[in-house]
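Peer 1: I need the structure of the sequence given here:
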Amino acid sequence: MNIAYLILILAATIFGGMIPMIFKRISPGLPIYLLAFTGAFLFGVTIMHLLPEVYHELGHPAGIYIVIGFFLQVFLQQLSHGMEHGHTHLPAAGGHHHHIAVTPLLIGLSIHAFMEGIPLGFHYEDKSALPSLMLGVMAHKIPESLTLITVMVHAGQSRARLWRILVIFSLVTPFSAMLAGWLGDKSEAVTHSLIYIVALVIGAFLHISTTIFYESGTKHHELSRRKVLAIAIGLGMAFVTLIFE
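Peer 2: Next comes the predicted model:
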């Protein structure tokens, strides 16, 4: 496991979470287009790098685990309320802070963050898979943590608690990546099992990225020109990752 990759993911998560703490007013378009770009990038990396790997390792049964992962993410978003793809569900102006249930949001998003890290600890035959996945996860972490801290700000959390939440959340994905890599190095059985978890995470990534395309942050779920442009740039950058091969 490349420690530099984990440091970059950690830094991206903290950076995204700092945005709503530093700026009291954020342009409504920023999360929308940032999510569209990162969602498209993650989608492209998943399709071009991770999907061929799991089908090569597992064959047709890979599809079963991908479908399970897709609907596992559907379940997790019942806890996180879709924060991983940009849904904040903030109260209207004048709403009370206690209306936001903080604990289920943190649990749901932390489980998702833990799942994101596991594929980073897997040893891929495709040498371009790991750096490409790292870039995809790193990009996705920025709007993910931005959304999390935005919700926590509106929930009335103190600044000290906001920092604790952000730091702990930032460590979840690197920790799970290191744990998966360490266990995989210790046991061949664990290494073989990780590919099934990677398939589950692919399903979750597909759910998140496609939801971002058609729902997150847009009125009536329309695809505006700017959002289409952000998606196109994200997919284009995913194609560029093929040069790592």
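Peer 1: so where do the helices sit in this structure?
Peer 2: Using DSSP state H, the helices of the chain run over 3-22, 29-45, 51-58, 61-80, 102-117, 129-154, 159-186, 188-214, 225-240.
Peer 1: The third one: how far from the chain's middle?
Peer 2: Yep, that's helix 51-58 we're talking about. 21 Å (CA atoms, centre = their mean, to the nearest Å).
Peer 1: Centroid-nearest residue for the protein?
Peer 2: residue 140 (4.8 Å; CA atoms, centre = their mean).
Peer 1: which ones are touching it?
Peer 2: Counting by CB atoms under 8 Å, 6 or more residues apart in numbering, residue 140 touches 38-39, 41-42, 116, 208. No exception for glycine: its C-beta is placed from N, CA and C like everyone else's.
Peer 1: Is it possible to get JSON lines of the residues you listed that adds pLDDT and neighbour count?
Peer 2: Shown next, in JSON lines, are the contacts of residue 140 (pLDDT from 0 to 100; neighbours: other CB atoms under 10 Å):
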{"residue": "38", "pLDDT": "88", "neighbour count": "30"}
{"residue": "39", "pLDDT": "87", "neighbour count": "29"}
{"residue": "41", "pLDDT": "92", "neighbour count": "28"}
{"residue": "42", "pLDDT": "90", "neighbour count": "26"}
{"residue": "116", "pLDDT": "88", "neighbour count": "26"}
{"residue": "208", "pLDDT": "84", "neighbour count": "28"}
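Peer 1: Could you single out the nearest of those to residue 197?
Peer 2: Closest approach between the contacts of residue 140 and residue 197, by CB to CB: residue 116, at 11.1 Å.
Peer 1: Now do the same contact list for the residue lying closest to residue 8 once chain neighbours are set aside.
Peer 2: The shortest distance from residue 8 to any non-neighbouring residue, by CB to CB, 6 or more residues apart in numbering, is to residue 138 (5.4 Å). For residue 138, the contact set (CB under 8 Å, 6+ apart) comprises 8-9, 12.
Peer 1: possible to save those residues as CSV with neighbour count?
Peer 2: Converted to CSV, the contacts of residue 138 look like this (neighbours: other CB atoms under 10 Å):
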residue, neighbour count
8, 17
9, 25
12, 23
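Peer 1: Let me see the contact set for residue 70.
Peer 2: Applying CB under 8 Å, 6+ apart to residue 70 gives the contacts 203-204, 206-207.
Peer 1: and of those, the nearest to residue 31?
Peer 2: Once CB to CB is applied, the member of the contacts of residue 70 that ends up nearest residue 31 is residue 207, at 18.8 Å.
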